[in-house]
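[1] Coordinates only, no sequence provided:
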């Protein structure tokens with residue numbers, strides 16, 4: 001039988017099952033680039049303004065670490081490629097890893113691949129179908145970025161180079177996801193491995209760009225940036241990305257035939273003969289299931305805080321001569337000093353990211369349901385609310401931990417920079433904790449969705465994506481107040497740029513409690529699973 005038999009049908013099935021995620025990811029990656037270009041177009045209207053900005057950031061190690069080398073910032077396209085090219089590549093890479101893993105390892109884990117394998121389906125067909133859908137998604141990203149930037153007046157060649165760099169980086173990490181899907185025994189493990197490889201690639205790129213550049217060539221993200229969109233395009237790094245993606249896909253197929261259906265090359269470790277006493281309670285079980293994710297998020301927040309704190313003092317020097325950009329930062333962070341406004345606005349973004357963690361932690365309730373692991377727990381003397389409440393309590397605890405980590409790292413880095421650690425450390429922690437009520441509102445919405453319409457968890461992620469877009473791009477795009485007010489973070493005091501006000505925090509907390517009660521009541525009245 002043809003080893004690729006049924007690939008087309010499986011690809012159609014995968015696209016149909018993933019169509020909402022498909023368009024959400026592709027549009028998200030493209031909109032990030034296009035909206036950034038649009039904001040730069042309005043902020044730096046002349047070549048002179050762009051040259052002044054380029055001079056102010058030239059040689060700044062923190063900006064090189066965050067965004068990569070600045071090849072030519074005299075055009076809007078060059079500014080866009082420098083500021084968001086790497087970020088868009090990371091988004092496309094995450095999309096590709098998750099997409100491939102979801103249609104390969106996750107399908108095996110759920111037992112659906114074995115069912116399909118009993119039909120006339122070739123050995124390589126599921127993997128090939130997943131890769132086809134992944135490549136199609138990245139092609140769409142390339143086209144959307146290219147057309148969008150051309151529509152804003154950027155050069156066609158530079159626009160295509162930037163889109164191609166983003167799309168090919170995504171395809172490369174789609175190949176990484178295909179390999180990790182053969183190694184791990186669970187979809188979560190495969191996605192985690194793929195994310196770890198992406199994180200290492202980002203760190204290599206960052207370390208290389210603040211050094212002599214050698215390490216950047218060990219990172220696929222660095223290869224994409226070395227295509228130099230809008231700065232005398234180079235096309236041979238595209239061959240490296242495409243060739244690497246092909247080699248990874250071939251390696252994944254070679255690994256596929258060396259393992260059994262449902263197993264991975266990296267076998268699970270046998271568990272202890274008896275369970276720990278801590279697993280005798282719902283809280284202990286929630287801790288065991290979610291502690292690794294919390295650790296990863298905490299490390300991420302420490303890194304983000306360190307970067308933000310180290311660059312905060314530079315904001316005054318870089319942006320004080322651009323009144324329009326300074327006004328945008330003040331709209332996001334409050335009408336105080338540029339440094340305090342920048343910190344307040346950035347910690348607001350930290351809060352939105354923390355809401356993503358909380359949603360992920362609460363969605364674990366539904367994952368346990370669909371994995372038929374909740375029923376054995378509920379068969380004993382454990383109520384539904386006690387079981388779900390343990391996950392909610394851990395999510396609440398986790399948001400406090402990650403925000404404190406972010407605040408401590410921001411305060412320490414900023415304090416060391418200005419010689420005032422004792423004053424900045426408690427202020428930054430307080431500013432981080434102020435974001436928590438808004439974080440809890442989004443988490444409570446996710447729990448209400450789990451209780452009311454558990455099949456449509458995409459609603460919670462859609463709301464999160466909307467809030468993230470408003471927080472990140474709302475002020476830059478000068479959106480009307482009616483749109484900005486849709487985000488709960490819009491109603492959070494912008495401390496330390498403004499004085500702390502308790503009434504909005506109390507109202508947000510009450511809203512979170514009400515939504516949690518709604519989720520509790522509906523969860524107790526519906527069928528499990």
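    Arrived safely. Keep in mind the model is a prediction, meaning the values are calculated, not measured. Residues are numbered from 1 along each chain as shown.
[2] pLDDT-wise, which helix or strand of this structure ranks last?
    Within the chain, no helix or strand scores below helix 323-333, which has a mean of 57 by mean pLDDT, DSSP states H and E.
[3] check contacts around residue 76.
    37, 40-41, 44, 50, 152-154 (CB atoms under 8 Å, 6 or more residues apart in numbering). C-beta here means a position set from N, CA and C on the backbone, and glycine is covered the same way.
[4] Next, format these as a markdown table and append pLDDT and secondary structure.
    Shown next, in a markdown table, are those (pLDDT from 0 to 100; DSSP: H, G, I helix; E, B strand; the rest coil):
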| residue | pLDDT | secondary structure |
| --- | --- | --- |
| 37 | 89 | helix |
| 40 | 81 | helix |
| 41 | 82 | helix |
| 44 | 76 | coil |
| 50 | 78 | helix |
| 152 | 90 | coil |
| 153 | 89 | coil |
| 154 | 91 | coil |
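[5] Of these, which pair is most distant in space?
    Greatest spatial distance in those: 50 and 152, 14.6 Å, computed using CB to CB.
[6] Of the contacts of residue 76, which is the nearest to residue 522?
    Of all the contacts of residue 76, the one with the least separation from residue 522 (CB to CB) is residue 37, at 43.2 Å.
[7] rewinding a little: of residue 50 and residue 152, which one has the most company?
    Between residue 50 and residue 152, residue 50 has the larger neighbour count (other CB atoms under 10 Å), namely 20 against 15.
[8] Which parts of the stretch 1-150 of the chain are helices?
    Using DSSP state H, counting those that start in this stretch, the helices of the stretch 1-150 of the chain run over residues 7-17, 19-43, 47-57, 61-67, 76-102, 105-110, 112-117, 125-151.
[9] gap between the fifth one and the chain center?
    Going by CA atoms, centre = their mean, to the nearest Å, the spacing between the C-alpha centre of helix 76-102 and its chain's C-alpha centre is 10 Å.
[10] How about the third one?
    Centroid separation between helix 47-57 and its chain, computed with CA atoms, centre = their mean, is 30 Å.
[11] again with the fourth one
    For helix 61-67, the distance between its averaged C-alpha position and the chain's averaged C-alpha position is 19 Å (CA atoms, centre = their mean).
[12] How about that helix, which residues are buried there?
    Within helix 61-67, the residues that count as buried by 16 or more other CB atoms under 10 Å are 62-67.
[13] now the residue nearest the centre of the chain: how far from residue 242?
    The centroid of the chain falls nearest to residue 91 when counting by CA atoms, centre = their mean (6.8 Å). In this view, residue 91 and residue 242 are 19 Å apart by CB to CB, to the nearest Å.
[14] ditto for residue 392
    On the measure of CB to CB, residue 392 and residue 242 end up 45 Å apart.
[15] Give me the more crowded residue out of those two.
    More crowded of residue 392 and residue 242, by other CB under 10 Å: residue 392, with 24 against 15.
[16] That one: which element?
    helix 384-418 (DSSP states H and E).
[17] by contact count, what packs against the helix or strand following that helix?
    Sequence-wise, the next helix or strand downstream of helix 384-418 (DSSP H and E) is helix 421-433. Helices and strands touching helix 421-433, by 3 or more CB pairs under 8 Å, 6 or more residues apart in numbering; DSSP states H and E, are helix 338-370, helix 384-418.
[18] Tell me what angle helix 421-433 forms with helix 338-370.
    Orientation check (axes from the mean of the first three to the mean of the last three CA atoms, to 10 degrees): helix 421-433 against helix 338-370 gives 50 degrees.
[19] centre of the chain versus the helix holding residue 392, how much separation?
    What separates the centre of helix 384-418 from the centre of its chain is 17 Å, taken as CA atoms, centre = their mean.
[20] for stretch 342-359, same thing?
    With CA atoms, centre = their mean, you get 12 Å for stretch 342-359.
[21] so where is the stretch 151-300 of the chain shaky, pLDDT-wise?
    Low-confidence segments of the stretch 151-300 of the chain (pLDDT under 70): 262, 267-271, 273, 275.
[22] Tell me where it has helices.
    Using DSSP H, counting those that start in this stretch, the helices of the stretch 151-300 of the chain run over residues 156-183, 187-210, 220-225, 236-256, 282-319.
[23] What are the contacting residues of the second one?
    When contacts are taken as CB under 8 Å, 6+ apart, the neighbours of helix 187-210 outside the stretch itself are 61, 64-66, 68-69, 86, 90, 93-94, 97-98, 101-102, 104-106, 109, 173, 176-177, 180-181, 183-184, 214-222, 225, 264.
[24] Report the buried residues of that helix.
    For helix 187-210, by 16+ other CB under 10 Å, it's 187-195, 197-198, 201-202, 204-206, 208-210.
[25] Surely residue 84 touches residue 36?
    Yes - contact status for residue 84 versus residue 36: in contact at 4.4 Å, counting by CB atoms under 8 Å.
[26] okay, the helices of the stretch 1-150 of the chain, which one's buried deepest?
    Mean neighbour count (mean count of other CB atoms under 10 Å) peaks for helix 76-102 among these, with a mean of 26.
[27] Measure how that helix sits relative to helix 125-151, angle-wise.
    Put simply, helix 76-102 runs at 160 degrees to helix 125-151, going by the same axes, to 10 degrees.
[28] and helix 76-102, what's its mean pLDDT?
    Average pLDDT, helix 76-102: 91.
[29] what's the closest of the buried residues of helix 61-67 to residue 367?
    residue 66 (33.1 Å).
[30] residue contacts, that closest one?
    With CB under 8 Å, 6+ apart, residue 66 has these contacts: 206, 307, 311.
[31] again, only this time at 7 Å
    residue 307 (CB atoms under 7 Å, 6 or more residues apart in numbering).
[32] Residue 452 now?
    Counting by CB under 7 Å, 6+ apart, residue 452 makes contact with residue 522.
[33] hmm, try it at 8 Å
    518-519, 522.
[34] How about residue 392?
    By CB under 8 Å, 6+ apart, the residues touching residue 392 are 362, 443, 447, 516.
[35] what's the closest of these to residue 429?
    residue 443 (20.5 Å).
[36] Nearest residue to that closest one in space, ignoring adjacent ones along the chain?
    residue 358 (3.7 Å; CB to CB, 6 or more residues apart in numbering).
[37] I'd assumed residue 441 was in contact with that neighbour.
    No - using CB under 8 Å as the test, residue 358 is too far from residue 441 to be in contact (9.9 Å).
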